[in-house]
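> coords please:
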Amino acid sequence: MTLFPGFETATLDTGEASIRVRIGGSGPPLLLLHGHPQTHVMWHLIAPRLAEDFTVVVADLRGYGDSSKPASTRDHEPYSKRAFARDQVKAMEQLGFERFSVAGHDRGGRTGYRMALDTPDRVLKLAVLDIIPTVEVWDAMDARLAMANWHWLFLAQPEPLAETLIGRDVDAYYFRSGRERFHPEALAEYVRALRDPATIHAICEDYRAAATYDREADRGDREAGRRIACPLLVLWSTRDDLPPLDPLGIWGRWADDVRGAGLDCGHYLAEELPDETYEHLRGFFSA
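Below you'll find the predicted structure:
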């Protein structure tokens, strides 16, 4: 792929899943995690630039892209963000990185903050893009949010409803509009991965976990007073549905050292506004 010049690829066995990664650059280790419905390719406009200052690892989450799709269970734990986080910690260990920084968009951001809560000794700094904690989304789920985030409710329905409907026309479901936001090569990669029925099922399990296991894991941490110990950067889209929810205020209830900014773009910050996103990330992780 021409989108990651100078990067090498590897598939790492974490014991629970096989995780596909690209590695490039040199310097302090920085893990980049993607969101739904994408793959690590979403970082193609930023990762090569960050690799000038960091050893950059871009990874496919389990269930997505070319990472494996483990069998799920009745409680959906294999597709919880806790399970996603375990994979990434093990993958970074295999690359020789016991401690590292993380930036995650969407589902990758949820994986990142779960990693920071569950294994605080591993995460040096964390950046989350266009999210608030999962339990906070569900607690705030009024009519406005339900209409804006209807896919949260749809994908979480018991199988095989969502799998069947999405599988009939993947392109229409995921990219019926807004295709111009993505580089053609990146879009082709997303569509390729999404045409695998196992990927569609894994994505649904991800959202079923968000509605159940992840929600309760967050609630348990909040009730116990657990907080994110490392510095936290929050970036969000001012055109998305987060601004009325006060992202910085919400994250301030979860972490002590929080900073951030809204960016004038849609949900896909790293592809819609790559220069500004890069500047925020580089400044934060370099300080």
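> Poorly predicted segments of the stretch 151-287 of the chain, please.
Applying pLDDT under 70 to the stretch 151-287 of the chain flags no residue at all.
> Would you map the helices across it?
Read by DSSP state H, counting those that start in this stretch, the stretch 151-287 of the chain holds these helices, from start to end of the chain: 161-168, 170-175, 184-194, 197-209, 215-224, 247-251, 269-272, 274-286.
> Show the secondary-structure elements that the last one is packed against.
What it means is helix 274-286. Helices and strands touching helix 274-286, by 3 or more CB pairs under 8 Å, 6 or more residues apart in numbering; DSSP states H and E, are helix 47-50, strand 100-105, strand 123-129, strand 232-237, strand 258-263. Where you see a C-beta, it was placed from the backbone N, CA and C, and this is true even at glycine.
> How about the second one?
Contact partners of helix 170-175 among helices and strands, from 3+ CB pairs under 8 Å, 6+ apart: helix 161-168, helix 184-194.
> right, and those - which one's nearest Y213?
The stretch from the helices and strands packed on helix 170-175 with the least distance to Y213 (CB to CB) is helix 161-168; that distance is 17.4 Å.
> quick one: buried residues of that closest one?
Taking 16 or more other CB atoms under 10 Å as the basis for neighbour counts, the residues of helix 161-168 that come out buried are 162-163, 166-167.
> So which bits of stretch 50-70 are buried?
Going by neighbour count (16+ other CB under 10 Å), the buried part of stretch 50-70 is 50-51, 54-70.
> In strands, which of the residues you listed fall?
Counting by DSSP state E, those place 55-59 in strands.
> Just put those residues in TSV and tack on pLDDT and distance to T199.
Written out in TSV, the entries for these read as follows (pLDDT from 0 to 100; distance: CB to CB, whole Å):
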residue	pLDDT	distance to T199
T55	98	28
V56	98	24
V57	98	21
V58	98	18
A59	98	15
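> picking up where we left off before, now tabulate the helices of the stretch 151-287 of the chain in CSV and tack on distance to D240.
Converted to CSV, the helices of the stretch 151-287 of the chain look like this (distance: least, CB to CB, whole Å):
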stretch, distance to D240
helix 161-168, 22
helix 170-175, 17
helix 184-194, 19
helix 197-209, 18
helix 215-224, 20
helix 247-251, 10
helix 269-272, 9
helix 274-286, 14
